[in-house]
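Visitor: Okay, predicted coordinates and the sequence, questions at the end:
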Amino acid sequence: MRHNWSVLCLCLLWLSAAAAAQEVLEREPLAAEASNLLSYIAVDYGDSVKNGEIQDNTLYQQQRRYLARALQLVRQLPDKPGRAALENSVLELDVAIAEKRDGELVRRRANAAADRLAALYQLQRSPAEMLPSAGFAESLYDERCANCHGAGGGGRGSAPGLRDPQRMASFSLYDLYNILDPTVDSVHGPRIDGDLSSRQRWALAVTVANFAVAGAPPPAPELARRYPALIGLPGMATARPVELPAEAAQALMWWRGHPERVRALEHPLARADGLLQLAETAYRAGDNAGAYHKLMLGYRQGYAPLREQLAERDAPLATQLAEHWQALRTAILGGAPNAEVIAAFQRLRAALTQARARLEPPARNERYTLWAALLFAAAVALGLLLWFGLRRRKLSRL
Ligand code: HEC
């Protein structure tokens, strides 16, 4: 009898998980379509209005239609705390456009509304797998896109070119990816074959991002240390260069066009943290299988390579981390209550931050280096003094 109960419980669990997954599937395209429209508004509005005057009425009317549609989509999304604020931010954007406000203000508001939407509805804006190189989708681009957009994104006929750095800086890699989904993008719609896989669309987004920086020299490695979030996922996929300080913007434009060249610069524990962030987003969206996959990927690609090194340096922390990984795994698999799983995510991420600090070379080393440099300088100075002294003596003897 007890056995029957547990089977029944399992079935119910499975059914509720399936229902949650179905809900994710249903609302994701709505949110993604709204995000797509907002990104077009952010990019295009500046060309349609200048100094409070309409420059291009067709484009301006298009913005207004896009916004009306975005508002309609937001209203169709399931109600939850925060939805009213999201709706307000879209309405404020509508007022700004109706009043023909400044381009930069509208761009910032449109992007802020898109980010709020993504956070509220747990839009998955980054792949979990590493981004492929631009070359990966080159032939696909030639086959499916070059007809309209020209070789190397040079533009052709009525379709726009894809290598204007200023314009491309307004799109995140995710925005480009979104443009290639016919269920989300009404601009391309059926002009793009719907059979592209998600992997192919990410690869095409990288190919397109590469056009704007083709032939440009790589940014200084120093910048990768200064902006670590931009050389890994999800940052590389979600950040819009235009919103960043100039040096970071320029670097991101290059990095996202050459993901294979940046991979080696990313700290494995930063990769683990990025994947945990993605896993948490998937979990919050009700996608437990996706969350589990990302969690395991984070373990294998981010944590495993450094596990032994950490155990040598701080065995108790390594043991604690092993427990945290295991606890989170079990919590997700066993369908533990939401709050418990989220807390487990937070504990694991905090411990990983600690591990990262423990693996930094100890500060002592830096002091040794400094001393060594000082001693070396002193030795050189002494040597020079002696040499000069000897020369002087020789000269005076002559
Ligand atoms: C049948 C023609 C056609 C094909 C094929 C096509 N596009 Fe487009 N694409 C367009 C047009 C037209 C626009 C501009 C729409 C607008 O702005 O109103 C566009 C817009 C874009 C944009 C946004 C550019 C911007 O500055 O706003 C990107 C990115 C893009 N396409 C990428 C691609 C990729 C990648 C492919 C191949 C998978 C592709 N397109 C296939 C016609 C096409």
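Guide: That came in fine, so what should we check first? Residues are numbered from 1 along each chain as shown.

Visitor: and Pro337, how many neighbours?
Guide: Applying other C-beta atoms under 10 Å, we find 9 residues neighbouring Pro337. Heads up, the C-betas are built off the backbone N, CA and C, glycines and all.

Visitor: Check the spacing between it and Ala331 real quick.
Guide: 9 Å (C-beta to C-beta, to the nearest Å).

Visitor: just the helices in the stretch 51-200 of the chain please.
Guide: In the stretch 51-200 of the chain, the segments counted as helices under DSSP state H, counting those that start in this stretch are 57-76, 83-98, 103-120, 138-144, 146-149, 165-168, 173-179, 198-211.

Visitor: For the stretch 1-150 of the chain, which residues score under the pLDDT cut-off?
Guide: 1-27 (pLDDT under 70).

Visitor: Any chance you could note which residues of it sit beside the ligand?
Guide: Contact residues (C-beta under 6 Å from any ligand atom) of the stretch 1-150 of the chain with the ligand: 144-145, 147-149.

Visitor: Could you look up the SS state of Gly215?
Guide: With DSSP: H, G, I helix; E, B strand; the rest coil as the basis, Gly215 sits in coil.

Visitor: How is this structure divided into domains?
Guide: According to automatic domain parsing, the chain is divided into the following domains: 24-120, 134-265, 268-359, 364-398.

Visitor: Could you provide the ones you listed in a markdown table, with additional columns for distance to Ala128?
Guide: Formatted as a markdown table, the domains of the chain follow (distance: least, C-beta to C-beta, whole Å):
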| stretch | distance to Ala128 |
| --- | --- |
| domain 24-120 | 15 |
| domain 134-265 | 8 |
| domain 268-359 | 5 |
| domain 364-398 | 35 |
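
Visitor: So for Ser126, which of these sits nearest?
Guide: Among these, the nearest to Ser126 by C-beta to C-beta is domain 134-265 (3.5 Å).

Visitor: what separates the closest one from the chain centre, distance-wise?
Guide: Centroid displacement of domain 134-265 relative to its chain, using C-alpha atoms, centre = their mean, to the nearest Å, is 12 Å.

Visitor: dump the residue contacts of the closest residue to Gln122 other than its chain neighbours.
Guide: Spatial nearest neighbour of Gln122, excluding adjacent residues (C-beta to C-beta, 6 or more residues apart in numbering): Ala285 at 3.6 Å. Taking C-beta atoms under 8 Å, 6 or more residues apart in numbering, we find Ala285 in contact with 24, 28, 121-122, 124.

Visitor: can you tell me how far Ala285 sits from the ligand?
Guide: According to C-beta to the nearest ligand atom, to the nearest Å, Ala285 stands 26 Å off from the ligand.

Visitor: quick one on the thing from earlier: what would the contacts of Ala285 look like in a markdown table with neighbour count and distance to Asn57?
Guide: A markdown table is the format used below for the contacts of Ala285 (neighbours: other C-beta atoms under 10 Å; distance: C-beta to C-beta, whole Å):
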| residue | neighbour count | distance to Asn57 |
| --- | --- | --- |
| Val24 | 16 | 40 |
| Glu28 | 18 | 34 |
| Tyr121 | 24 | 33 |
| Gln122 | 19 | 38 |
| Gln124 | 21 | 37 |
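
Visitor: Format these as CSV; extra columns: distance to Val184.
Guide: Putting the contacts of Ala285 into CSV (distance: C-beta to C-beta, whole Å) gives the following:
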residue, distance to Val184
Val24, 15
Glu28, 9
Tyr121, 14
Gln122, 16
Gln124, 13
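
Visitor: ok so, going back, any chance of the helices of the stretch 51-200 of the chain in a markdown table, with distance to Pro245 and mean neighbour count too?
Guide: Listed next are the helices of the stretch 51-200 of the chain as a markdown table, based on distance: least, C-beta to C-beta, whole Å; neighbours: other C-beta atoms under 10 Å:
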| stretch | distance to Pro245 | mean neighbour count |
| --- | --- | --- |
| helix 57-76 | 28 | 16 |
| helix 83-98 | 24 | 16 |
| helix 103-120 | 15 | 20 |
| helix 138-144 | 31 | 15 |
| helix 146-149 | 30 | 16 |
| helix 165-168 | 16 | 16 |
| helix 173-179 | 19 | 24 |
| helix 198-211 | 19 | 23 |
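
Visitor: quick one: which of those is nearest Gln301?
Guide: Nearest of the helices of the stretch 51-200 of the chain (C-beta to C-beta): helix 198-211, 16.6 Å.

Visitor: got a list of contacts for that closest one?
Guide: Against helix 198-211 from outside (C-beta under 8 Å, 6+ apart): 127, 129, 131-134, 136-138, 140-141, 145, 152-153, 162-163, 168, 173-174, 176-177, 180-181, 196, 253, 256-259.
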